[in-house]
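> sequence and predicted structure are below.
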Amino acid sequence: MILFLSIPQFSEPFTHLLSGRVFTTLINAGFSQRKRPLSNIYSVGPQHLWNCQQYHFSPRLYCHLSVTSRHTTRLGILSKYSKTQFYSTRPSSTKGSNMFEKPIVVAVEGNIGSGKTVMLDFFEKNVPEVEILMEPVDKWRNYNGHNLLDMMYKDPERWSFTFQSYVQLTMAESHQTKQTKPVLMRERSIFGAKYCFVENLYECEKMCKAEYDVLTGWFDWIVENQKPKIDRIIYLRTSPENCQHRIKERSRNEESSIPLEYLQDLHQLHEDWLVNKTRFSLPAPVTVLDANLPLDQMFKLYTDDQNELLTVR
């Protein structure tokens, strides 16, 4: 069972700031276990309270408490701070299964330059229960000395099948990665690689029908037999123009020649798959975020909507 201690923002002596992070001092707070009051919540002991971590959600501070269900017969607050309250995050018919209650996998999908890396870095640094899995770009740039990514961009008619074959292989491998934390957030998925990037290369006639059919056959086999797990998709919806601007800012050598038309085609495929839902099946529910916002507003969005983003309905 997962509980949250909800405290009005910055109410002393509960909170104090240290090096820009919020730490919670649970003085005079506790709960009754089998009607026996406890003067301090830490006195419960590790056998009853096995995790205590803090998160800063605007405009409140939440302290995440994981306790064994058999020790929550009675739950109350024994402090004078009447506005402090406990509430459970057990799944309900309307709210779904809350974050950290069971292991979930979240795929962050979006165009090139949509802000996926920034989002994943934010959650990795700010939510200890989240681990991230980035696209294996380093492998694509150096496979036995071959920069397949660069080769594909320079001559897509010749190298798109080779590159996408290796992308599909590395994506299949990454979906087999053992999850070590309650939430795994991954950069794209094998579904996005196929439904957006492979489809785009085929529709732009950079890949012939035989090559496309081979990739599709392998994709169908992987999905059927390996069953890649995705519990939620977050779509960072970004205009092709903004994507192009960000690509220029980060200055990857391989991406220097990407035309706006290519980004526009990819954008439309993402829209048709994740928003319009007119092409391809969805492996999981989709949350759409406006990723055209400035970075500080995106960080606020990630903070304010953190529970929603890490929830499975």
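Great, that's in hand.

> who's in contact with stretch 208-228?
160-161, 164-165, 168, 172, 175-176, 189-191, 194, 198, 202, 207, 283 (Cβ atoms under 8 Å, 6 or more residues apart in numbering). (Each C-beta comes from the backbone N, C-alpha and C, glycine too.)

> so which residues of the chain form strands?
Taking DSSP state E to define them, one finds strands in the chain at 2-8, 15-18, 21-24, 49-57, 60-67, 85-88, 104-110, 130-133, 183-187, 232-237, 286-290.

> can you give me phi and psi for Asn292?
Taking degrees, to the nearest 10, you get phi -80, psi -10 for the backbone angles of Asn292.

> that one against Ser239, yeah?
Yes - at 5.8 Å, Asn292 and Ser239 qualify as touching, with contact defined as Cβ atoms under 8 Å.

> can you say which of the contacts of stretch 208-228 are buried?
160-161, 164-165, 168, 172, 175, 189-191, 194, 198, 202, 207, 283 (16 or more other Cβ atoms under 10 Å).

> closest to Ile247 out of those?
Nearest to Ile247 among the buried ones among the contacts of stretch 208-228, counting by Cβ to Cβ, is Ser160 at 18.9 Å.

> what residues are up against the closest one?
Taking Cβ under 8 Å, 6+ apart, one finds 152, 201, 206-207, 211 in contact with Ser160.

> rerun that using 6 Å as the cut-off
The contact partners of Ser160, by Cβ atoms under 6 Å, 6 or more residues apart in numbering, come to 152, 201, 206-207.

> just the pLDDT at it, thanks.
Note on Ser160: pLDDT of 97.

> state the distance from it to Lys154.
11 Å (Cβ to Cβ, to the nearest Å).

> and Lys102, by the same measure?
From Lys102 across to Lys154, the span is 45 Å (Cβ to Cβ).

> same check on Ala193?
Taken as Cβ to Cβ, the span from Ala193 to Lys154 is 20 Å.

> could you do Lys209 as well?
For Lys209 relative to Lys154 (Cβ to Cβ), the value is 23 Å.

> which residues touch Ile132?
Residues near Ile132 by Cβ under 6 Å, 6+ apart: 120, 124, 185.

> oh, that last question was meant for Phe163, not what I typed.
Neighbouring residues of Phe163 by Cβ under 6 Å, 6+ apart: 148, 152.

> state the pLDDT value of it.
98.

> just to revisit the earlier point, of the buried ones among the contacts of stretch 208-228, closest to Ser114?
Ser189 (14.5 Å).

> hmm, that closest one is touching Ala107, no?
Yes - shown here, Ser189 and Ala107 form a contact pair, counting by Cβ atoms under 6 Å, at 4.1 Å.

> which residues do these two both contact?
With Cβ under 6 Å, 6+ apart as the test, Ser189 and Ala107 both reach Ile230.

> what bridges to the residue lying closest to Leu133 once chain neighbours are set aside?
Using Cβ to Cβ, 6 or more residues apart in numbering and skipping residues adjacent in sequence, the residue nearest Leu133 is Arg186, 4.1 Å away. With DSSP bridges applied, Arg186 shows beta-bridge pairing to Ala107, Leu133.

> isn't Arg186 right next to Ala107, touching?
Yes - the criterion here is Cβ under 6 Å, and Arg186 meets it with Ala107 at 5.4 Å.

> right, I'll leave it there.
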